[in-house]
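> Show me how the following folds:
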Amino acid sequence: MAAVRVYASGCGHDGRLGVHKRSEDNKSSPTEVVFFRENGGGVVSVHAGGAHSIVRCRDGLYAFGDGEYGQLGIGMKTSARVPQLISGLKKEAARLRDISLGGSHSVVLDEGGRVWVFGRNNCGQLGDGDDSDRSTPFEIEAAAGARGVSAGRLHTLCVVGNDVLAWGLGDNGQLGFTGDGFDAAQAKAERVRQQALRETTQRAREGFPVEESYGHGQLSEVGEYNPAFHPEYSKPDERSDLFPPFCQRSPRRVPFDFKEVQWVAASDNLSCVGAVDGVFVFGSRLNCLRETKADCIPTLLKTPRADLGWWGPIGLDGMRVALCSSEKFLSVWVCGEGKSDGQLGLGVGSDGQPVEDAPDWKCAIPELPLGTTIHASGETVGVCTKEGQVWTFGNNFYGQLGHLHDRPSPSPQRVDLPGEVVSAAVGRHHCLFAVRTVAVDGAEGQTSAE
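The predicted structure follows:
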């Protein structure tokens, strides 16, 4: 008898893997989240955010991981190593249509077009007109009738009718509009500075020593956050949001006439809108259009080849990943800056190092069956085929690729899982897989539970 099991890999900090109630160890091998097997299964899909996870089951949504801002939706601002039922959405469990997790907030859409949000709200990413975090689901009435949602790191997109609504942080134009007095150049410079600070201090927060201090006394000599500098902020990652230049705290229409919107996708600083007449991007477009700029005006993105159509692109900072369609198959294309972690998926160059830059579109995976989906977050990319296989590539510092090691993967590699993958999700530093296993001789398929 077939059963769907949940497996997780990558960073175990804050319990985002859900594999053990007392362990926060990283997992480079996909490890079963035994909670779902022991509690009757019924798994439908998996979803991953910045440092939290949600699994949809037939009887409701279960959340685990970082819950500091209420992004788990369980009524408390606390992390959970063991999956917890989101009781506020239990009645809607059978009617849910989509779930999207941002950096520290969560967005849920049901078949009736109702939108619920919970989690961090410092930049208005919840869209409730306030700036207070919420630990229980709250319905956004201004987004009623929605047919698609997507949560970015600090902003949210929603499709209502043929309009795209946006709210949250707009420092790079990712909302499709600007606020009064908005200075894109100044905002860009501040964001680059804060990004460098965030990357340095994130390692300190997760237990890795940092030898050098960084700027203005925020870090001590061993990389620990110094609360004396900004006493109102108590966590290293909160400094990335000091003095946000523009926040929209309620849903607002993107002033652009898209033709028959099909979907929306939000990433860190970029927004994508898929319409009948093409894919439009706005926000930070580093190397995406052979230029480095932040722009709030939706711009048509050209396909890699004339014989290809867009299937489902997703934008990431510094790179672009797209799933393109032909008459018989799909293919994965990439462009942009891949740094040194292989997240472009283009293998190694003549120097033996991962290909770091692709100013023009290049094909990373040539032929995939129709029905394939693509998932990307941070610097990690996962591709889930209709045949139930998953391929991952890119950054692998925490073992999130599931390749049994923590080395970067510059070329797509298949993840070894004990069955057919029916759902996959890529978080900031972790991955989740819903796998349909088949009992053999009265036993369940392979597991790797602790």
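> Any idea how far stretch 133-149 is from the middle of the chain?
Centroid separation between stretch 133-149 and its chain, computed with C-alpha atoms, centre = their mean, to the nearest Å, is 18 Å.
> got the end-to-end distance for that stretch?
19 Å (C-alpha to C-alpha, to the nearest Å).
> same deal with stretch 41-51?
23 Å.
> mind checking how far D14 is from A166?
Distance from D14 to A166, counting by C-beta to C-beta, to the nearest Å: 28 Å. All C-beta atoms are positioned from the backbone trio N, CA, C, and that covers glycine.
> Neighbour count for those two, which is higher?
A166 (26 against 19; other C-beta atoms under 10 Å).
> OK, contacts around that one?
Going by C-beta atoms under 8 Å, 6 or more residues apart in numbering, A166 touches 155-158, 174-177, 248, 251-252, 254, 271.
> Equivalent analysis for Q413, please.
Shown in contact with Q413 (C-beta under 8 Å, 6+ apart): W391, T392, F393, L401, H403.
> I'd like to know how many residues surround the closest residue to E367 other than its chain neighbours.
Distances taken as C-beta to C-beta, 6 or more residues apart in numbering place F329 nearest to E367, at 4.6 Å, with adjacent residues excluded. Counted by other C-beta under 10 Å, the residues lying close to F329 total 13.
> which is the next helix or strand following the longest strand along the chain?
When the chain is parsed with DSSP state E, its longest strand is strand 357-368. Sequence-wise, the next helix or strand downstream of strand 357-368 (DSSP states H and E) is strand 373-377.
> Help me confirm that V415 comes into contact with G388.
No: counting by C-beta atoms under 8 Å, V415 does not reach G388; the two are 11.2 Å apart.
> neighbour-wise, which of these two wins?
Taking neighbours as other C-beta under 10 Å, V415 and G388 compare with V415 leading, 23 against 14.
> show me what contacts that one?
The contact partners of V415, by C-beta under 8 Å, 6+ apart, come to S9, P30, V390, W391, T392, L401, G402, H403, F433.
> P354 too?
With C-beta under 8 Å, 6+ apart, P354 has these contacts: G338, S340, D341, G342, L344, L346, G347, V348, P408, P410.
> Adding neighbour count and distance to A51 as columns, could you present the contacts of Q413 in JSON lines?
Converted to JSON lines, the contacts of Q413 look like this (neighbours: other C-beta atoms under 10 Å; distance: C-beta to C-beta, whole Å):
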{"residue": "W391", "neighbour count": "24", "distance to A51": "24"}
{"residue": "T392", "neighbour count": "25", "distance to A51": "19"}
{"residue": "F393", "neighbour count": "30", "distance to A51": "21"}
{"residue": "L401", "neighbour count": "32", "distance to A51": "17"}
{"residue": "H403", "neighbour count": "21", "distance to A51": "21"}
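> do you know how far D163 is from G173?
Between D163 and G173 the computed distance is 18 Å (C-beta to C-beta).
> Those two: which is more packed in?
Taking other C-beta under 10 Å, D163 and G173 do not tie; G173 has more neighbours (26 against 16).
> The residue nearest to E367 and L308: what is the separation?
The gap separating F329 from L308 is 11 Å, by C-beta to C-beta.
> One more: V426?
23 Å.
> With G173 instead?
Remark: distance between G173 and L308 (C-beta to C-beta) = 27 Å.
> what do you get for A93?
Counting by C-beta to C-beta - A93 and L308 are separated by 38 Å.
> how many other residues sit next to the residue nearest to L61 when sequence neighbours are not counted?
The shortest distance from L61 to any non-neighbouring residue, by C-beta to C-beta, 6+ apart, is to I86 (4.4 Å). For I86, the count of nearby residues is 24 (other C-beta under 10 Å).
> so I86 touches G67, yeah?
No: using C-beta under 8 Å, I86 is not in contact with G67; the gap is 11.1 Å.
> intersection of neighbour lists for these two?
I74.
> Now do the same contact list for V82.
Residues in contact with V82 (C-beta under 8 Å, 6+ apart) are G15, G18, K21, F35, F64.
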